[in-house]
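Chemist: Only the shape, not the letters, is given here:
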């Protein structure tokens, strides 16, 4: 998202469609990311939560044995009525961490997932840093 034409994001973002599961009013919902970066993600949904809502969710991908469990806060919303053809309805989520160690561990898993999905060259171009390697002992990010 931009503010006055300026990009507010501090890190590169990858256009990845990953399954996201979360609860809303005691119902388990399954939607998809449109993009993801170290700081957050955009979840495509026709049922966005209100700005300021804190939620726990799981990102799932074929490369992951277990999903990545994250916590985030809804920072902005695009309602269905506001979404033109090129901009889907959904919600921008900023990740929230309990500690610097948790943040570092999650960011490393997300980097490995993005590098595996995009390939190292595309990762380096989009993220502006070297691609991490996949752990050889289990092949997962």
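Modeler: Received it, and whenever you're ready, just let me know what you need. Only a predicted model underlies this, so the values are computations on that prediction, with no experimental measurement involved.

Chemist: pLDDT value on the closest residue to residue 18 other than its chain neighbours, please?
Modeler: Leaving aside its chain neighbours, residue 18 sits nearest to residue 33 (4.7 Å; criterion: C-beta to C-beta, 6 or more residues apart in numbering). In this view, the C-beta of every residue, glycine as well, is placed from N, C-alpha and C. Predicted confidence (pLDDT) for residue 33: 90.

Chemist: Show me the strands in the chain, by range?
Modeler: Assignment of strands within the chain using DSSP state E yields the ranges 2-3, 6-7, 13-14, 19-24, 27-37, 40-44, 54-60, 68-78, 90-96.

Chemist: still on that earlier bit, and the residue nearest to residue 18, how many residues sit next to it?
Modeler: 22 (other C-beta atoms under 10 Å).

Chemist: and it, what is it in contact with?
Modeler: Counting by C-beta atoms under 8 Å, 6 or more residues apart in numbering, residue 33 makes contact with 16-18, 20, 41-44, 59.

Chemist: Would you format the residues you listed as JSON lines with pLDDT and neighbour count included?
Modeler: Shown next, in JSON lines, are the contacts of residue 33 (pLDDT from 0 to 100; neighbours: other C-beta atoms under 10 Å):
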{"residue": "16", "pLDDT": "80", "neighbour count": "19"}
{"residue": "17", "pLDDT": "85", "neighbour count": "13"}
{"residue": "18", "pLDDT": "88", "neighbour count": "25"}
{"residue": "20", "pLDDT": "92", "neighbour count": "24"}
{"residue": "41", "pLDDT": "94", "neighbour count": "25"}
{"residue": "42", "pLDDT": "94", "neighbour count": "22"}
{"residue": "43", "pLDDT": "95", "neighbour count": "27"}
{"residue": "44", "pLDDT": "93", "neighbour count": "18"}
{"residue": "59", "pLDDT": "92", "neighbour count": "22"}
